[in-house]
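Engineer: 3D model of this:
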Amino acid sequence: MSPDRQVGALFRRFRDRLAADGVTPESGSRATGPGVGRTDAGARDAGLAPHPARDTAPRRRRGGRGGEQLTVPPAEFTSYYGRPVLKPPVWKWDIPAYLFTGGLAAGSSLLAAGGQLTGRPALRRAGRVASLAAVGASAFFLIHDLGRPSRFHHMLRVAKVTSPMSVGTWVLTAFGPAAGLAAVAEAAHRLPERGVPGLARRLLPPTGHAAGLVAAVTAPALATYTGVLLADTAVPSWHEAYPELPVIFAGSALASGAGVGLLAAPAGQAGPARRLAVAGAALELWGAHRVENRLGLLSEPYAEGAAGKLLRAGRALTAAGVAGAWLGRRSRLVSAVSGGALLAASVCTRFGIFHGGVASARDPKYTVVPQRERADRAA
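Structural biologist: Numbering: from 1, shown residues only. This next block holds a predicted model:
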C-alpha cells in the first residue's frame, strides 16, 4: 500500500497503532528481529519461548517410525452426547420369554417322541401337550414384539437361508402345526365311536404319531436357531459367543423338556426324561462355562449384575435338578421338584444370556477394547 494514498481517519489510526506495536504491513508479524518464533536462538534473543521448537529434530515414536511423539491422552470410553457406541437392543421381556418357550416346545416334542417310541403313554402325552402350549406362547411373544400380527405373515413372503430370522420363522411355521396335530390326537379317545367323529377317532392316533415325529425332527432347529440369531447381531458379548450360544440353548431346551417329563409322568415312566436331563445339563453347563471364561473382557457382562446372578442361579438349579432326578427315581414328589428346578434353570439361563448381551452393548469399552486388540494383532 502506498503511504501517500489517502485513507480514512479510522484506518489511519489503526495503521498507526500497528506501527507503534512494531507490526509491519508487509510481514504481518512483530518486527522484533529476524527469525523470531521460528528458531530457538531467535526466540531466546527476543525473550520468547517458541511453541513448538523449530530447530530441534522430531522425536521418534516407539517402534522406530519417524514423527513427533503422541501427546494426546488415551481416549475415554465415551461417545457423543453420552450415548453408547452401539445402540442397545430394543427388545423387552417378551423376547427372552420367547427364547425360553421356544426351547421348551422343542425339548417337550423330543420328550414326546421318546415316550412314543418306547411305549410310555404318560410321557408322550405330557410332552405333546406341553409342546403345543409352549409353541402357542412363543407365537404370542413373537407377535407381541413385532407389534402387528401381519408382520409375522410378511416374513413368510421370502425364505433366506443366510438369515437366522427367516429360517427361524419357517421352522416355527413347520413345527407349530405338527406339534398341534400331535397334541390334538391325544384327545381322540374322547370322540364318539360312530359317524364322522368315529372316523376322526380312528384316523387321529396314526396321524398324531407321524406329526409327533415331524415335530421332533424340526425341534433341534427350533431349539438352536435363536442362539444363532443372537450371535448374528453386533452386540459384543453375543457375537463373540457364536460357537457357544447354540450349544447352551440346545442344552437348556433338553433340560426344560426333561423337567416337563419329571413333573407330569409317573416315576416308572420318567427314565427317558432323566437321561434327557443329564444330556441337557452337560451341554448347558459346558457352554455356560465357556462363555464365562473364554471371551476375556467380553465374559464380564455374563458374570456381573443381573446376568451374573441369573446365570449362577441357573447353574445351581440345573445341578440340583439333575441330582434330584437320579436320587429320587422312586419318589414322584422328588421327581416333580427336580422337574420344577430344571424348568426354572432354563428360564434363568435364557434371561441371563439376554441381559448379558444388553449390558455389553450399553458399555462402550466392550466395543472399543476388543477392536483395539484386533487392530494390534493385525499390526
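Engineer: for Ala159, give me phi and psi.
Structural biologist: phi -140, psi 110 (degrees, to the nearest 10).
Engineer: from Tyr366, how far off is it?
Structural biologist: 34 Å (CB to CB, to the nearest Å). Heads up, the C-betas are built off the backbone N, CA and C, glycines and all.
Engineer: looking at these two, which has the bigger crowd around it?
Structural biologist: For Ala159 versus Tyr366, the count of surrounding residues by other CB atoms under 10 Å is larger for Tyr366: 25 against 11.
Engineer: is it true that that one lies in a helix?
Structural biologist: Yes: counting by DSSP: H, G, I helix; E, B strand; the rest coil, Tyr366 is located in a helix.
Engineer: begin at 25 from now on, thanks
Structural biologist: With 25 as the first residue, the last one maps to Tyr390.
Engineer: burial measure for the closest residue to Gly320 other than its chain neighbours, as a count.
Structural biologist: Spatial nearest neighbour of Gly320, excluding adjacent residues (CB to CB, 6 or more residues apart in numbering): Pro394 at 7.9 Å. Burial measure for Pro394: 17 neighbouring residues, criterion other CB under 10 Å.
Engineer: same deal with Pro290?
Structural biologist: Neighbour tally, Pro290, other CB under 10 Å: 11.
Engineer: again with Glu217
Structural biologist: For Glu217, the number of neighbouring residues by other CB under 10 Å comes to 10.
Engineer: what does it show for phi and psi?
Structural biologist: phi -90, psi -10.
Engineer: tell me the contacts of the residue nearest to it when sequence neighbours are not counted?
Structural biologist: Closest residue in space to Glu217, ignoring its immediate chain neighbours: Arg225 at 6.4 Å, by CB to CB, 6+ apart. When contacts are counted by CB atoms under 8 Å, 6 or more residues apart in numbering, Arg225 touches Ala212, His213, Leu215, Pro216, Glu217.
Engineer: quick one: classify the fourth one as helix, strand or coil.
Structural biologist: This points to Pro216. coil.
Engineer: OK, contacts around it?
Structural biologist: Taking CB under 8 Å, 6+ apart as the test, what Pro216 contacts is Gly222, Arg225.
Engineer: ok, now how distant is it from Ala209?
Structural biologist: 16 Å.
Engineer: tell me where the stretch 225-374 of the chain has helices.
Structural biologist: Ranges of helices in the stretch 225-374 of the chain, per DSSP state H, counting those that start in this stretch, are 260-263, 269-288, 295-318, 324-327, 329-351, 356-386.
Engineer: so which of the ones you listed gets nearest Gly139?
Structural biologist: Nearest to Gly139 among the helices of the stretch 225-374 of the chain is helix 295-318; the distance by CB to CB comes to 6.6 Å.
Engineer: low pLDDT regions in this structure?
Structural biologist: 25-31, 42, 44-107, 177 (pLDDT under 70).
Engineer: excluding its backbone neighbours, what's nearest Ala303?
Structural biologist: Nearest non-adjacent residue to Ala303 (CB to CB, 6+ apart): Leu278, at 5.6 Å.
Engineer: Ala368 now?
Structural biologist: Nearest one to Ala368, counting by CB to CB, 6+ apart, is Leu341 at 5.2 Å.
Engineer: list the contacts of the one you found.
Structural biologist: Ala365, Leu366, Ala368, Ala369, Cys372 are the contacts of Leu341 under CB under 8 Å, 6+ apart.
Engineer: switch those over to CSV; also include distance to Ala136 and neighbour count.
Structural biologist: Compiled in CSV, those are given as follows (distance: CB to CB, whole Å; neighbours: other CB atoms under 10 Å):
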residue, distance to Ala136, neighbour count
Ala365, 21, 24
Leu366, 17, 34
Ala368, 21, 18
Ala369, 21, 28
Cys372, 24, 22
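Engineer: what is the nearest of these to Leu309?
Structural biologist: Closest to Leu309 out of the contacts of Leu341 is Ala369 (10.0 Å), distances taken as CB to CB.
Engineer: settle this for me: that closest one is touching Leu278, isn't it.
Structural biologist: No: in this structure Ala369 lies outside contact range of Leu278 using CB atoms under 8 Å: 11.6 Å.
Engineer: the closest residue to Thr142 other than its chain neighbours - how many residues pack around it?
Structural biologist: Closest residue to Thr142 apart from its sequence neighbours, by CB to CB, 6+ apart: Pro296 at 6.3 Å. As a burial measure, Pro296 scores 22 neighbours (other CB under 10 Å).
Engineer: repeat for Ala289
Structural biologist: By other CB under 10 Å, 27 other residues sit near Ala289.
Engineer: the one 5 residues further on now?
Structural biologist: Using other CB under 10 Å, Ala294 is surrounded by 31 other residues.
Engineer: before we move on, what about the one 10 residues further on?
Structural biologist: A total of 30 residues lie near Gly304 under the criterion other CB under 10 Å.
Engineer: same check on the one 5 residues further on?
Structural biologist: Neighbour count for Leu309, taken as other CB under 10 Å: 20.
Engineer: and it, how far is that from Ala282?
Structural biologist: Applying CB to CB, the value for Leu309 to Ala282 is 14 Å.
Engineer: secondary structure element for the residue nearest to Gly320?
Structural biologist: Per DSSP states H and E: Pro394 is located in helix 389-402.
Engineer: one more: Ala43?
Structural biologist: helix 33-45.
Engineer: and that helix, how far from the chain's centre?
Structural biologist: Centre-to-centre, helix 33-45 and its host chain are 69 Å apart (CA atoms, centre = their mean, to the nearest Å).
Engineer: which strands and helices sit next to that helix?
Structural biologist: Contacting helix 33-45 under the criterion 3 or more CB pairs under 8 Å, 6 or more residues apart in numbering; DSSP states H and E is no other helix or strand.
Engineer: buried residues in that helix?
Structural biologist: Buried residues in helix 33-45, counting neighbours by 16 or more other CB atoms under 10 Å, are absent.
Engineer: swap in stretch 131-150?
Structural biologist: Neighbour counts over stretch 131-150 (16+ other CB under 10 Å) mark 131-140, 144, 147-150 as buried.
Engineer: sweet, I'm off.
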